[in-house]
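>>> Dropping the sequence and predicted coords here.
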Amino acid sequence: MQFKCALAYIPLHKSLVEIPPPPIDDPIYLVHRHWMSQAIALAQAAGEAGEVPVGAVVVDGEGNLIAAAENRRERDNDPTAHAEILALRAAGQTLRSWHLNHCTLYVTLEPCPMCAGAIVLARLGLLVYGVDDPKTGTIRTVANIPDSACSNHRLPVLAGILESACRQQLQSWFAQRRLRGAGASP
């Protein structure tokens, strides 16, 4: 599987985030970059709909997209409607199994405690996330649910894929919200 490395632009509330060509051409890195770009596009749609801009995609062991989701808490009036939860649910339905051990979840922001718990319980094969969450990140930042004594599954994690683009997207969205005076909780 090959991906051409051209500049990709992701619109962010009247500004553009430039995703430069990767500094390395490792095929695995390019695959991670491709799927994280898809998650960023979903996050953009969530942000435009008034949600905290977080997107997630689930890819099966053969590299096929099996689920995609964005935050929908505000629109669905559902505190559990995080992108990760919605993507895991859709993946389980697609595969007709809650065992996602051959799947990779790509998400733009480090998962919160609820999502980290669901990811561990799904026996996910790999978690790839964009940017650390210094407030509620419970994969590596604030806490480490996957490696805790209560975890029954050891989760491989790869962080920092398209980190700058993910961080800029979130910071831009929150800055816009503050300017409008309409605070939103993550």
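Nice, I can see it. It should be emphasised that the depicted structure is a prediction, and the values quoted were computed from it without experimental measurement. Numbers count the residues shown, from 1 in each chain.

>>> so what's the residue nearest to the spatial centre of the chain closest to, chain neighbours aside?
Centroid-nearest residue in the chain, with C-alpha atoms, centre = their mean: residue 107, separated by 1.1 Å. Nearest residue to residue 107 in three dimensions, chain neighbours excluded: residue 56, at 4.2 Å (C-beta to C-beta, 6 or more residues apart in numbering). Just so you know, the C-beta spots here come from the backbone N, C-alpha and C atoms, and that holds for glycine as well.

>>> What separation is there between the one you found and residue 150?
23 Å (C-beta to C-beta, to the nearest Å).

>>> With neighbour numbers in mind, choose between these two.
Legend: neighbour count by other C-beta atoms under 10 Å for residue 56 and residue 150, higher for residue 56 (31 against 7).

>>> thinking again about what came up before, ok so the residue nearest to the centre of the chain is a helix residue?
No - Residue 107: not assigned to a helix; according to DSSP: H, G, I helix; E, B strand; the rest coil it is strand.

>>> Does it have any beta-bridge partners, and if so which?
With DSSP bridges applied, residue 107 shows beta-bridge pairing to residue 56, residue 129.

>>> Identify the residues contacting it.
By C-beta atoms under 8 Å, 6 or more residues apart in numbering, residue 107 lies in contact with 39, 54-56, 83-84, 87, 115, 127-130.

>>> Quick one: neighbours of residue 178, just the number.
11.

>>> which residues of this structure fall in helices?
27-48, 73-76, 83-95, 113-121, 163-180 (DSSP state H).

>>> Save the ones you listed as TSV, and put in distance to residue 135 and mean pLDDT too.
Output for the helices of the chain, formatted as TSV (distance: least, C-beta to C-beta, whole Å; pLDDT from 0 to 100):
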stretch	distance to residue 135	mean pLDDT
helix 27-48	17	96
helix 73-76	16	98
helix 83-95	16	98
helix 113-121	11	97
helix 163-180	11	94
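
>>> Mind checking these for the one nearest to residue 134?
For those, proximity to residue 134 was assessed by C-beta to C-beta; helix 163-180 is nearest, at 10.9 Å.

>>> quick check: angle from that closest one to helix 27-48?
10 degrees (axes from the mean of the first three to the mean of the last three C-alpha atoms, to 10 degrees).

>>> name the helices or strands packed onto helix 163-180?
strand 8-12, strand 15-19, helix 27-48, strand 104-109, strand 126-131 (3 or more C-beta pairs under 8 Å, 6 or more residues apart in numbering; DSSP states H and E).

>>> could I have it exported to CSV, CA atoms only?
Output of helix 163-180 as CSV, limited to C-alpha atoms (Å, rounded to 0.1, in the frame of the first residue of the first chain):
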residue,chain,number,x,y,z
GLU,A,163,0.5,15.7,16.8
SER,A,164,0.9,19.4,15.7
ALA,A,165,-2.2,19.3,13.5
CYS,A,166,-4.3,17.6,16.2
ARG,A,167,-3.1,20.1,18.8
GLN,A,168,-3.7,23.1,16.6
GLN,A,169,-7.2,21.9,15.7
LEU,A,170,-8.2,21.7,19.3
GLN,A,171,-6.5,24.9,20.4
SER,A,172,-8.1,26.8,17.5
TRP,A,173,-11.6,25.5,18.3
PHE,A,174,-11.3,26.4,22.0
ALA,A,175,-10.0,29.8,21.2
GLN,A,176,-13.0,30.4,18.9
ARG,A,177,-15.3,29.3,21.6
ARG,A,178,-13.7,31.6,24.2
LEU,A,179,-14.0,34.5,21.7
ARG,A,180,-17.7,33.8,21.4
